[in-house]
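1. Sharing a sequence plus its predicted fold:
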Amino acid sequence: MAAGALLVLVLGTLVVEPRLRQLGVTGIVERFDAFRAVAALAFGVPGLFVVAQRPGSRVGWVMVVVGTAQALGLALGAYGLLGINGGINGGLNGGVKGSLDGGAVGGGTGLPGDDWAMWVSNWLWIPAYLLVPTIFLLIFPDGRLPSRRWWPARAAAYAGIGVHTLDWMARPVTYEQVPGLFPKGYAGVLAGLTGVPDALRTAGTVCTVGAVLAAVGSLVVRYRSAGEEVRRRLQWVLAAALLTVGLLGVALFVPWGPVIVALAAVPLPVAVAVAVVAHRLWDLDLLLSRALAFGAVSVALLAAYALVAATLGNAIGSGASALIVALAVHPVYLRVSAAANRLVYGDRDDPARALRRLGVRLSDAGAPGDLLERMAAEVGRVLRMHYVAVEESGVVVASWGRPGGVGADVTERVPLLYQGEPVGTLVLGERLRPKDRALLAQLAPHVAVAVRAHRLGADLERSHGRLLAARQEERDRLLYELHDGVGPTLAALALQVDRSRRLVDTDPEEAKRVMEELSGRIRGTVENVRAIVNDLRPPPLDTLGAHGRAGRARQGLRG
């Protein structure tokens with residue numbers, strides 16, 4: 001509803017455009033007020049979506065204020081011009097003088113409060129415009145300053161905005177056939193003023209420029225201290241902020257500065273949209289499909305109406321122009337809506353494409369763990385979920401995205417079946433629509449195959465691990481047996497051999513006894529080595545089989 005109200009304000013202004021031309025007024029497009037329409041929709045619509053989901057978001061409220069102020073100023077300006085110029089062209093000869101004295105010109109065709117509408121429109125764009133390169137950038141993206149030390153920049157921003165707003169409030173509305181207009185009842189207070197004193201205006205300019213530079217610097221500080229994920233979100237906004245500052249600087253030195261000022265209102269909302277959709281800023285990407293379609297169709301309406309009004313407005317009238325635009329924009333809406341849904345909601349409307357992409361991920365995956373990660377990521381991209389996880393026996397084995405986004409208290413759990421048996425669960429961070437469930441019914445069997453492959457791979461890895469552990473245990477046992485058993489025995493036998501060799505010449509009988517003892521110990525050592533070899537596994541099983549191994553064990557027990 002609120003987004004529709006913004007569109008009504010903007011389009012309502014365009015509806016009176018041909019009438020303003022008939023009254024001799026150049027019109028909003030040639031006065032470069034078109035940027036108000038762009039800023040109203042570019043900031044207002046996304047801002048409304050942000051505060052609808054996050055009512056405490058200061059960034060969202062700044063966007064709403066900017067968009068609403070621009071739309072309201074645009075509509076009030078058109079209303080005031082229509083009433084005042086109608087009075088001048090159809091009223092008394094003293095019309096201009098009447099404006100100077102305060103109030104709408106008499107003559108019966110003026111509109112109630114048209115002088116006040118013109119006056120408010122004359123200054124309302126100032127705070128709306130200056131909030132963007134100052135406060136918006138200072139608190140982006142979390143609504144807080146980078147640290148408490150940045151409060152002077154915020155104070156300078158508010159001071160500059162306040163001074164420039166007062167400056168324009170104290171200026172008479174001077175526009176083509178309406179020079180020096182102040183609202184009725186206000187002219188006496190501000191008579192003769194042309195704004196605030198020069199010194200105060202200069203101070204306000206210094207505060208504003210300093211706040212803009214500080215705001216850009218705050219983005220640089222956030223970027224340098226942020227992690228990789230936050231950097232991806234900030235890089236677009238930082239680039240847009242630098243471009244905006246550059247355009248505003250160029251506008252000061254060129255004759256067609258108003259055009260540059262209008263263009264400077266475009267980069268930041270575009271960058272915010274990219275950060276939201278491509279890098280999941282504020283976790284609102286799943287809520288912006290209709291906003292994207294709404295915004296694109298609104299821009300199409302603005303462009304189409306401006307074109308029709310410029311070419312056929314005088315011939316067919318504003319009502320017929322609006323009807324032509326309405327009929328022409330419907331097919332545009334259908335196409336743009338489909339594109340926006342594909343951008344934000346993924347392949348929900350194209351199951352065949354989703355299955356093809358899932359098949360590609362299956363064929364490209366390497367390790368089983370990598371396979372599940374790819375599958376979770378692909379399901380998340382297909383359905384544009386902020387979080388997807390795969391569970392086995394209640395344990396998350398793969399995930400994509402992060403929990404805790406919009407609707408985090410609502411999760412869907414989809415059982416995964418392989419040949420009729422449950423192999424896992426697919427966890428989704430969003431409540432599913434009927435169309436989502438139909439698509440998941442086709443995707444789930446493929447995910448179940450991946451989970452089954454992951455389980456088999458995990459079983460194989462565990463078996464391999466047990467085999468490696470058994471081999472290591474065998475090596476440790478052999479090391480112990482050889483080092484602490486066979487090794488010392490062989491060393492003792494070597495000593496006995498040396499002793500018997502020395503006794504051969506001096507005491508043959510003793511040498512004979514030692515040799516007999518040595519022979520027995522050697523046979524015992526051989527048996528020990530044979531026992532060590534027989535206890536090796538699994539080679540004895542390979543050579544003897546289970547029956548032979550059992551027989552060998554029985555013989556050992558008997559012996």
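-> Received it, and whenever you're ready, just let me know what you need.
2. Going by C-alpha atoms from here, please, whenever you check contacts or count neighbours.
-> Noted.
3. can you give me the strands in this protein?
-> 173-175, 178-181, 387-392, 395-401, 412-418, 421-428 (DSSP state E).
4. Let's have the ones you listed in a markdown table, adding distance to residue 220.
-> Output for these, formatted as a markdown table (distance: least, CA to CA, whole Å):
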| stretch | distance to residue 220 |
| --- | --- |
| strand 173-175 | 39 |
| strand 178-181 | 44 |
| strand 387-392 | 29 |
| strand 395-401 | 26 |
| strand 412-418 | 39 |
| strand 421-428 | 35 |
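5. wait, what's in contact with the spatially closest residue to residue 444 that is not a sequence neighbour?
-> Nearest residue to residue 444, sequence neighbours excluded (CA to CA, 6 or more residues apart in numbering): residue 416, at 6.2 Å. For residue 416, the contact set (CA atoms under 8 Å, 6 or more residues apart in numbering) comprises 422-426, 444-445, 447-448.
6. avg pLDDT for stretch 210-230?
-> For stretch 210-230, mean pLDDT rounds to 82.
7. and the residue nearest to residue 140 when sequence neighbours are not counted, what pLDDT?
-> Of all residues not flanking residue 140 in the chain, residue 59 sits nearest, at 6.3 Å (CA to CA, 6+ apart). Here, the pLDDT recorded for residue 59 equals 82.
8. before we move on, what about residue 373?
-> On the pLDDT scale, residue 373 gets 79.
9. ok, for it, nearest residue in space, not its chain neighbours?
-> The shortest distance from residue 373 to any non-neighbouring residue, by CA to CA, 6+ apart, is to residue 398 (5.2 Å).
10. What of residue 126?
-> residue 165 (5.9 Å).
11. Quick check: the gap between the one you found and residue 503.
-> Using CA to CA, to the nearest Å, one obtains 120 Å as the distance from residue 165 to residue 503.
12. So those two - more neighbours on which side?
-> Taking other CA atoms under 10 Å, residue 165 and residue 503 do not tie; residue 165 has more neighbours (22 against 16).
13. and residue 62, what is it in contact with?
-> 47, 131, 136.
14. if you set the cut-off to 10 Å instead, what comes out?
-> 43-44, 47, 51, 68, 128, 131-132, 135-136, 139, 143 (CA atoms under 10 Å, 6 or more residues apart in numbering).
15. coming back round to it: go through the strands of the chain and name the closest to residue 270.
-> Closest to residue 270 of the strands of the chain, according to CA to CA: strand 395-401, at 23.6 Å.
16. Which elements pack onto the closest one?
-> If you count contacts as 3 or more CA pairs under 10 Å, 6 or more residues apart in numbering; DSSP states H and E, strand 395-401 packs onto helix 368-383, strand 387-392, strand 421-428, helix 434-480.
17. Model confidence score at residue 14, please.
-> pLDDT, residue 14: 51.
18. before we move on, the earlier item: what count of nearby residues applies to the residue nearest to residue 373?
-> Counted with other CA under 10 Å, residue 398 comes out at 21.
19. who's in contact with the closest residue to residue 377 other than its chain neighbours?
-> Nearest non-adjacent residue to residue 377, counting by CA to CA, 6+ apart: residue 400, 5.2 Å away. By CA under 10 Å, 6+ apart, the residues touching residue 400 are 372-381, 385-390, 428.
20. Distance-wise, check residue 391 relative to residue 416.
-> 10 Å.
21. Which residues are in contact with each of these two?
-> 423-426, 451.
22. Top of those residues by number of neighbours, please.
-> Counting neighbours by other CA under 10 Å, residue 451 leads the shared contacts of residue 391 and residue 416 with 29 neighbours.
23. so that residue touches residue 372, yeah?
-> Yes: Residue 451 is within contact range of residue 372, at 6.8 Å (criterion: CA atoms under 10 Å).
24. which residues do these two both contact?
-> Common neighbours of residue 451 and residue 372 (CA under 10 Å, 6+ apart) are 390, 397-398.
25. show me what contacts residue 422?
-> 392-393, 415-416, 448, 452.
26. swap that for residue 462, please
-> Counting by CA under 10 Å, 6+ apart, residue 462 makes contact with 456, 468.
27. any weak-confidence spans in the stretch 51-200 of the chain?
-> Across the stretch 51-200 of the chain, the ranges flagged by pLDDT under 70 are 53, 84-110, 173-195.
28. how about the helices of it, start to end?
-> Secondary structure of the stretch 51-200 of the chain (DSSP state H, counting those that start in this stretch): helices at 58-90, 95-101, 114-131, 137-139, 151-169, 187-190, 198-225.
29. Distance to residue 476 for those helices - can I get that in TSV?
-> Below are those laid out as TSV (distance: least, CA to CA, whole Å):
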stretch	distance to residue 476
helix 58-90	65
helix 95-101	104
helix 114-131	73
helix 137-139	63
helix 151-169	67
helix 187-190	99
helix 198-225	51
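30. so which of these comes closest to residue 232?
-> helix 198-225 (8.9 Å).
31. which helices and strands sit right next to the closest one?
-> Checking 3+ CA pairs under 10 Å, 6+ apart, helix 198-225 ends up next to helix 114-131, helix 137-139, helix 151-169, helix 228-251.
32. The third one vs helix 114-131, what angle?
-> I take that to be helix 151-169. 160 degrees (axes from the mean of the first three to the mean of the last three CA atoms, to 10 degrees).
33. circling back to that earlier point, who touches the residue nearest to residue 126 in this structure?
-> Counting by CA under 10 Å, 6+ apart, residue 165 touches 122-128, 130, 159, 195-196, 204.
34. So which of these is the closest to residue 493?
-> Of these, the one sitting nearest to residue 493 (CA to CA) turns out to be residue 130, at 98.6 Å.
35. Can you get me a residue count around residue 458?
-> Using other CA under 10 Å, residue 458 is surrounded by 14 other residues.
36. quick one: it from residue 240, how far?
-> For residue 458 relative to residue 240 (CA to CA), the value is 48 Å.
37. And for residue 71?
-> Residue 71 is 22 Å from residue 240, where distance means CA to CA.
38. What of residue 217?
-> Distance from residue 217 to residue 240, by CA to CA: 13 Å.
39. The two: who's more crowded?
-> Neighbour count, other CA under 10 Å: between residue 217 and residue 240, residue 240 has more, with 22 against 16.
40. contacting residues for the more buried one?
-> Residue 240 touches 216, 234, 246, 264-272, counting by CA under 10 Å, 6+ apart.
41. Just the pLDDT at residue 457, thanks.
-> For residue 457, pLDDT reads 77.
42. And the contacts of stretch 496-504?
-> Contacts of stretch 496-504 (CA under 10 Å, 6+ apart): 490, 493, 495, 507-515, 517-518.
43. let's see it at 8 Å
-> 510-512, 514-515, 518.
44. quick check, nearest of these to residue 483?
-> residue 518 (20.4 Å).
45. Give the residue spans of the stretch 301-450 of the chain that score low on pLDDT.
-> 301-369, 384, 402-410.
46. just to revisit the earlier point, who does the residue nearest to residue 373 bridge with?
-> residue 390 (DSSP bridges).
47. Would you agree it is in contact with residue 391?
-> Yes: using CA atoms under 8 Å, residue 398 is in contact with residue 391, at 7.2 Å.
48. which residues are common contacts for these two?
-> Counting by CA under 8 Å, 6+ apart, nothing touches both residue 398 and residue 391.
49. Any chance of the helices and strands packed on strand 395-401 in a markdown table with distance to residue 83 as columns?
-> Below are these laid out as a markdown table (distance: least, CA to CA, whole Å):
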| stretch | distance to residue 83 |
| --- | --- |
| helix 368-383 | 51 |
| strand 387-392 | 54 |
| strand 421-428 | 56 |
| helix 434-480 | 51 |
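50. Please identify which of the ones you listed is closest to residue 211.
-> Nearest of the helices and strands packed on strand 395-401 (CA to CA): strand 387-392, 38.1 Å.
51. List the contacts of that closest one.
-> 372, 376-377, 379-380, 396-403, 423-430.
52. From those residues, list the buried ones, please.
-> Taking 16 or more other CA atoms under 10 Å as the criterion, what is buried in the contacts of strand 387-392 is 372, 376-377, 379-380, 397-401, 403, 423-430.
53. can I see the domain layout of this structure?
-> The chain breaks down by automatic domain parsing into domains covering 2-281, 288-345, 351-461, 478-558.
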